[in-house]
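A.B. asks: dropping the sequence and predicted coords here.
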Amino acid sequence: MSRQEIQIEKRFHALPPEAQRQVLDFLASLEQRYRPASPRPKTKPLHAYAFVGLWRGREDLSDSVRWVRRLRHQEWGK
């Protein structure tokens, strides 16, 4: 153990129990903050999902503004 580590340990043990808990809490927060980010899981490319292209070939959706207006009129009479 290095001299610095021994000094840290002595100073830690000289603290009252509440202060020791605070030191440990602070160390835990630092470990959380500086923990290396875990690699993101690999995901499928967007085109591999079933919902992509779901509305392909729908003639009634070629003009989306007209489609929404018609839907609003059918549902709410507006």
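C.D. replies: Okay, I see it.

A.B. asks: shaky segments in the protein?
C.D. replies: 78 (pLDDT under 70).

A.B. asks: got the domain boundaries for it?
C.D. replies: As assigned by automatic domain parsing, the chain contains the domains 3-34, 49-76.

A.B. asks: can you give me the helices in the chain?
C.D. replies: 3-14, 17-34, 64-76 (DSSP state H).

A.B. asks: dump the domains of the chain to TSV, plus mean neighbour count.
C.D. replies: Where you see a C-beta, it was placed from the backbone N, CA and C, and this is true even at glycine. Shown next, in TSV, are the domains of the chain (neighbours: other Cβ atoms under 10 Å):
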stretch	mean neighbour count
domain 3-34	10
domain 49-76	9
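
A.B. asks: could I get those domains in a markdown table, plus columns for distance to residue 40?
C.D. replies: As requested, the domains of the chain are exported to a markdown table (distance: least, Cβ to Cβ, whole Å):
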| stretch | distance to residue 40 |
| --- | --- |
| domain 3-34 | 18 |
| domain 49-76 | 17 |
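
A.B. asks: so which of those is nearest residue 41?
C.D. replies: With Cβ to Cβ, the closest approach to residue 41 among the domains of the chain belongs to domain 49-76: 15.2 Å.

A.B. asks: and the closest one, how far from the chain's centre?
C.D. replies: Domain 49-76 has its C-alpha centroid displaced from the chain centroid by 32 Å (Cα atoms, centre = their mean, to the nearest Å).

A.B. asks: how long is that domain end to end?
C.D. replies: Start and end residues of domain 49-76 are separated by 34 Å (Cα to Cα, to the nearest Å).
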